[in-house]
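please work out how this folds:
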Amino acid sequence: MEKPRSLVRIVVPVVVAALAAGVGLAFFVSALLRPPDLPVDTNPVPLAGHNLCASVAVYFRSDDEMRAAAETFHDDPKARRVFVETKAEAYARFKEIFKDQAELLQSTRPDALPASVSLLAVPGTDLAAWARELHARFTNADQVQVNDLNAAAARWKATAPPPKCPREGEY
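Sure, this is the predicted structure:
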C-alpha cells in the first residue's frame, strides 16, 4: 500500500509556483507601464526655438570654447540632447526679450552675453550633481547653471506656476 503524500510536499511546490507567477506578472505589468526610452541625439543643434524647462547650461566667454565643449558630449552617458548658442545668437535673443526696454538695450553691448551649451539629461540624472561635474570638467567655463522651472516654482511658492515640465525637459 502507498503512503499518502505529506501536506508539505504538496503545498511547498504550489506556493513556489504561485510566487513565481506573481513575480512574472509584476515584471510584465511594470514593463507595460514604464514610459518608453527617450531618444538620444547628442549632435549639437541651435538653441533657437527650443524652450527648455529642465536643463544644465554651461556658459563660455567665446564661441570657440563653447563649440569645443559641445563636441565632448557625444559620449557622455548623461547627455540626451545638446543645444548651442553663440554670443551673437544670445544677443539677438536678448534684444527680442527686452525689445520694449530701450535703456537696457542701449546699455548692453553685443559681446556682453556669453556663448552657451544647454543640455537635456537622460531621465533619472541628478541635474545638480551633473552641474558640479561639468563645473569641474570645464574649468574655462564662466558659469554652470541648473535650470529647473518646476523646482524654482516650488521654491518661490509661485501662485501661478508654469506648466509642469514634461519628462523630455522641453516644452
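
what is the mean pLDDT for the helix ranked longest in the chain?
Criterion DSSP state H: the longest helix present in the chain is helix 7-33. Regarding helix 7-33, the rounded mean pLDDT is 75.

ok now that helix, how far from the chain's centre?
37 Å (Cα atoms, centre = their mean, to the nearest Å).

following element in sequence after that helix, please.
Sequence order places strand 41-46 as the next helix or strand after helix 7-33, per DSSP states H and E.

pairing partners for that next one, with directions?
Paired strands of strand 41-46, with direction, are strand 79-85 (parallel) (DSSP bridges).

which other residues reach the strand it pairs with?
Strand 79-85 has contacts (Cβ atoms under 8 Å, 6 or more residues apart in numbering) with 38-48, 50, 52, 55, 66-67, 70, 73, 93, 115-122, 169-170. For every residue, glycine as well, the C-beta is placed using N, CA and C.

only C-alpha atoms, please: export it in PDB.
Extracted as PDB, the C-alpha positions of strand 79-85 are listed here (Å, rounded to 0.1, in the frame of the first residue of the first chain):
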ATOM      1  CA  ALA A  79      23.500  63.800 -22.200                       C
ATOM      2  CA  ARG A  80      20.300  63.300 -24.100                       C
ATOM      3  CA  ARG A  81      20.200  66.500 -26.300                       C
ATOM      4  CA  VAL A  82      22.800  69.200 -26.800                       C
ATOM      5  CA  PHE A  83      21.900  72.800 -27.700                       C
ATOM      6  CA  VAL A  84      24.300  75.600 -28.500                       C
ATOM      7  CA  GLU A  85      24.000  79.300 -28.700                       C
END
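
pLDDT wise, what is the residue most central in space within the chain at?
In the chain, the residue lying closest to the centroid (Cα atoms, centre = their mean) is Ala121, at 2.9 Å. Per-residue confidence at Ala121 stands at 96 (pLDDT).

wouldn't it be in contact with Trp130 here?
Yes. Taking Cβ atoms under 8 Å as the definition, Ala121 is a contact partner of Trp130 at 6.3 Å.

what bits of the protein have low per-residue confidence?
Within the chain, the stretches with pLDDT under 70 are 1-5, 7-8, 30-35.

joint contacts of Ala121 and Trp130?
Applying Cβ under 8 Å, 6+ apart, one finds that Ala121 and Trp130 are jointly contacted by Val56, Lys78.

and the helices in this protein?
For the chain, the helices defined by DSSP H occupy 7-33, 63-70, 87-97, 102-107, 127-137, 149-156.

how far off centre is the second one?
Right, helix 63-70. 20 Å.

which strands and helices sit next to that helix?
strand 54-60, strand 79-85, strand 115-121 (3 or more Cβ pairs under 8 Å, 6 or more residues apart in numbering; DSSP states H and E).
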